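Engineer: just the structure for this:
(one chain, ligands or ions: 1)
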Amino acid sequence: MIAAEDFNITKVKQSKLEGISLDNVPFGKYFTDHMLEVDYENGEWQTPSIKPYQPLSLAPSLAALHYGQAIFEGIKAYKDADGNASIFRPYDNFKRFNSSAERMEMPVVPEEIFIEGMRQLIEIEKDWIPAKPNHSLYIRPFMFSSDEAIGVRPSDKYKFLIILSPTGPYYAAPMRIYVEEKYVRAVQGGYGYAKAAGNYGGSLHASAIAQKQGYDQVLWMDAFEHKYVQECGTMNAFFIIDNKVITPGLEDGTILAGVTRDSTIEILKEMGYIVEERKLSIEEIMDAYKAGTLNEIFGTGTAATISLIKELKYKDFIMTFDVDKWTIAPEIKTRMDAIKYGEAPDNHQWMMAV
Ligand code: COI
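Structural biologist: This next block holds a predicted model:
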């Protein structure tokens with residue numbers, strides 16, 4: 001077992017932070033001074049290092065580059081008004097990371113590396129957490145196979161890293177969404193529930209086509225009937241119909257079990273709403289729109305938080321919404337942000353102090 005005091009720590013002489021403004025910083029553009037890196041070799045995790053953020057030197061035969069054994073997580077750290085740093089629900093991401101690892105035939109990462117490594121790294125990088133509404137420090141843990149061999153088989157070696165990136169809002173404005181009829185993201189028995197790199201790489205072609213038509217993202221449909229909605233871009237999707245909340249269920253294993261999705265469901269229940277996790281067809285959505293009972297649509301995700309959807313296009317049918325009149329999604333965001341930024345009591349014990 002690796003103890004907290006075993007970590008090898010090498011700090012930079014001069015921080016890059018002096019030259020960077022953390023106001024309205026774009027998602028994923030800047031990375032902090034340090035990163036965590038650990039190797040898995042001979043059946044065990046080696047001693048973690050926290051060291052200056054730097055390029056990796058990798059062989060062209062690196063297994064992950066050929067066969068995509070690569071997974072990641074997205075987590076955020078926040079600062080309260082007194083400058084105290086805390087991380088939103090890191091244990092939920094830790095569990096999901098290891099469930100992704102199992103699905104991709106990779107070793108699980110122990111808590112003393114994933115959670116304690118993240119905590120130590122953020123303690124060093126506290127100054128990089130922007131103290132501003134809608135801003136945070138995005139935490140990106142990831143793991144990939146690192147055998148230098150191109151036989152198709154699980155690797156013997158892996159690398160686990162954590163990098164950090166200060167960030168402002170991901171989708172700044174309400175979104176226009178295209179319901180995808182041809183391409184699919186995930187199928188029952190596949191790995192749609194895993195946060196595997198391939199799920200994102202495979203999504204880019206359909207997103208690019210939608211973007212050429214002026215849409216921000218696609219709403220994925222099920223692979224068999226192209227009838228039931230799944231995820232929306234990199235987010236889980238929520239539909240409020242007749243004041244009842246519906247979000248696609250997780251039972252088929254085609255949808256990521258979002259931590260923001262789960263937090264949204266909890267908050268909605270506290271607000272007194274009925275939340276149904278179930279199959280939802282595009283016909284049901286269109287029927288509700290035509291009947292005037294489709295109240296609000298939004299996406300949830302770590303990067304995106306709560307993002308309103310102002311337009312949904314299915315075939316030739318366009319559904320548009322006046323998002324300025326919406327109250328439920330903005331209220332969820334207000335309540336969740338109040339917990340994240342330490343302005344409301346953390347009754348759920350979602351925040352982990354750094
Ligand atoms: C996240 O919300 O953390 C995601 O995984 C989306 C990301 C790929 C930008």
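Engineer: in contact with F144, which residues?
Structural biologist: By C-beta atoms under 8 Å, 6 or more residues apart in numbering, F144 lies in contact with L62, A64, Q69, A70, I71, Y158, K159, A197. To be clear about C-beta, it is placed using only N, CA and C from the backbone, and glycine gets the same treatment.
Engineer: next to the ligand, which bits of this protein? Give me the list.
Structural biologist: G74, Y200, T234, G301, T302, A303, A304 (C-beta under 6 Å from any ligand atom).
Engineer: hang on, the fifth one packs against F72?
Structural biologist: No. Contact criterion C-beta atoms under 8 Å: T302 and F72 do not qualify, at 11.0 Å.
Engineer: pick out whichever of the two has more residues nearby.
Structural biologist: Higher neighbour count among T302 and F72: T302, with 22 against 17, using other C-beta atoms under 10 Å.
Engineer: tell me how far that one lies from N8.
Structural biologist: Relative to N8, T302 is positioned 29 Å away (criterion: C-beta to C-beta, to the nearest Å).
Engineer: break the protein into its domains for me.
Structural biologist: Domain segmentation of the chain under automatic domain parsing yields 4-169, 175-340.
Engineer: ok and the residue in the stretch 51-200 of the chain nearest the ligand?
Structural biologist: G74 (2.0 Å; C-beta to the nearest ligand atom).
Engineer: hang on, that residue packs against T260?
Structural biologist: No. Using C-beta under 8 Å, G74 makes no contact with T260, being 9.5 Å away.
Engineer: neighbour-wise, which of the contacts of F144 leads?
Structural biologist: I71 (27 neighbours).
Engineer: any idea which helix or strand carries that residue?
Structural biologist: In the assignment (DSSP states H and E), I71 maps to strand 70-72.
Engineer: the next helix-or-strand element following that strand pairs with which strands, parallel or anti?
Structural biologist: Next along the chain after strand 70-72, taking DSSP H and E as the criterion, comes strand 75-79. With DSSP bridges as the test, strand 75-79 is paired with strand 85-88 (antiparallel), strand 136-145 (antiparallel).
Engineer: average model confidence for the strand or helix carrying T334?
Structural biologist: Per DSSP H and E: T334 is located in helix 328-340. Averaged over helix 328-340, pLDDT sits at 97.
Engineer: neighbouring strands - and their directions - for the very next helix or strand once past that helix?
Structural biologist: Next helix or strand after helix 328-340 toward the C-terminus (DSSP H and E): strand 351-353. Using DSSP bridges, strand 351-353 pairs in its sheet with strand 85-88 (antiparallel).
Engineer: right, and the helix or strand after the partner strand?
Structural biologist: Going down the chain from strand 85-88, the next helix or strand is helix 90-103, by DSSP H and E.
Engineer: off-centre distance for that next one?
Structural biologist: Distance of helix 90-103 from the chain centroid (C-alpha atoms, centre = their mean, to the nearest Å) equals 12 Å.
Engineer: ditto for stretch 266-273
Structural biologist: On the basis of C-alpha atoms, centre = their mean, stretch 266-273 sits 22 Å off its chain's mean C-alpha point.
Engineer: and it, what's buried?
Structural biologist: Neighbour counts using 16 or more other C-beta atoms under 10 Å place E266, I267, L268, Y273 of stretch 266-273 among the buried residues.
Engineer: which residues touch the helix or strand hosting the second one?
Structural biologist: Going back to what we said before, that points to I267. Following DSSP H and E, one finds I267 within helix 259-270. Helix 259-270 has contacts (C-beta under 8 Å, 6+ apart) with 75, 88-89, 92-93, 96, 236, 238, 245, 247, 275, 277, 300-302, 304-306, 328, 332, 335-336, 348, 350.
Engineer: report the buried members of the residues you listed.
Structural biologist: For the contacts of helix 259-270, a burial check counting by 16+ other C-beta under 10 Å picks out 75, 88-89, 92-93, 96, 236, 238, 245, 247, 275, 300-302, 304-306, 328, 332, 335-336, 350.
Engineer: who are the contact partners of the residue in the chain sticking out farthest from the centre?
Structural biologist: For the chain, the largest distance from the centre (C-alpha atoms, centre = their mean) belongs to A291, which lies 33.6 Å off. By C-beta under 8 Å, 6+ apart, no residues touch A291.
Engineer: what do you get if the cut-off is 10 Å, keeping everything else the same?
Structural biologist: Contacts of A291 were listed using C-beta atoms under 10 Å, 6 or more residues apart in numbering, and they are I241, D242.
Engineer: what pLDDT does it get?
Structural biologist: A291 is given a pLDDT of 98.
Engineer: per-residue pLDDT, the residue in the stretch 151-300 of the chain positioned nearest to the ligand?
Structural biologist: Taking C-beta to the nearest ligand atom, the ligand has its nearest neighbour within the stretch 151-300 of the chain at T234, 3.8 Å off. Per-residue pLDDT puts T234 at 91.
Engineer: what does Y171 give?
Structural biologist: For Y171, the model assigns a pLDDT of 68.
Engineer: quote the end-to-end distance of stretch 313-332.
Structural biologist: With C-alpha to C-alpha, to the nearest Å applied, stretch 313-332 spans 25 Å between its terminal residues.
Engineer: now do the buried residues in it.
Structural biologist: Neighbour-count burial for stretch 313-332, counted by 16+ other C-beta under 10 Å, picks out K313, Y314, M319, F321, V323, W326, I328, A329, I332.
Engineer: where along the stretch 101-250 of the chain do the helices fall?
Structural biologist: Under the criterion DSSP state H, counting those that start in this stretch, the stretch 101-250 of the chain contains helices at 111-124, 197-201, 204-212.
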